[in-house]
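Participant: sequence first, predicted model second:
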Amino acid sequence: MSGPLSLKTAFETEFARRDAERRAREDAERRQQEQDLASAQGLHAAIAADADFLAGRGLSVDIRRYTVSLEHDDFRIAAYFEGGKAQVTASDKRTVHPGSAAPRKQEVVDSVEDALAIMAQYLADETL
């Protein structure tokens, strides 16, 4: 036998279990955010490495935390990393107010490589 039942002991056991679960969730969320940030930085580095190509097409690349944007006067192509996936969007700047862009296309992908491929497809669509 383990001894007499105690509300205090049961409470402390439950409190410790919940605290351990909370810490595990926070650690998992932090690791996922670090992975998403690393993915965004990797995509940005891959795009920025082609500076001559970007300049020749009137493009610039920007990174803001989890989002990598490929900017042109007429359109924006962006990849937003969250939860291990990237949402890639293409927006037209010609038909909206300055500073905003209405998404016309979007796709969710699982890797930096897939995000880069979709961004290239959207860029090809814009330049045809």
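Facilitator: Sure thing, it's come through.
Participant: report the beta-bridge partners for the residue nearest the centre of the chain.
Facilitator: The centroid of the chain falls nearest to Phe81 when counting by CA atoms, centre = their mean (1.0 Å). Going by DSSP bridges, Phe81 is paired in beta bridges with Ala86.
Participant: my guess is it meets Asp36, correct?
Facilitator: Yes. With the criterion set as CB atoms under 8 Å, Phe81 and Asp36 qualify as a contacting pair; they are 4.1 Å apart. C-betas here are computed from N, CA, C, even on glycine.
Participant: mind listing the shared neighbours of these two?
Facilitator: The contact sets of Phe81 and Asp36 overlap at Tyr66 (CB atoms under 8 Å, 6 or more residues apart in numbering).
Participant: ok, the residue nearest to the centre of the chain - contacts?
Facilitator: Asp36, Leu37, Ser39, Ala40, Leu43, Tyr66, Thr67, Ala115.
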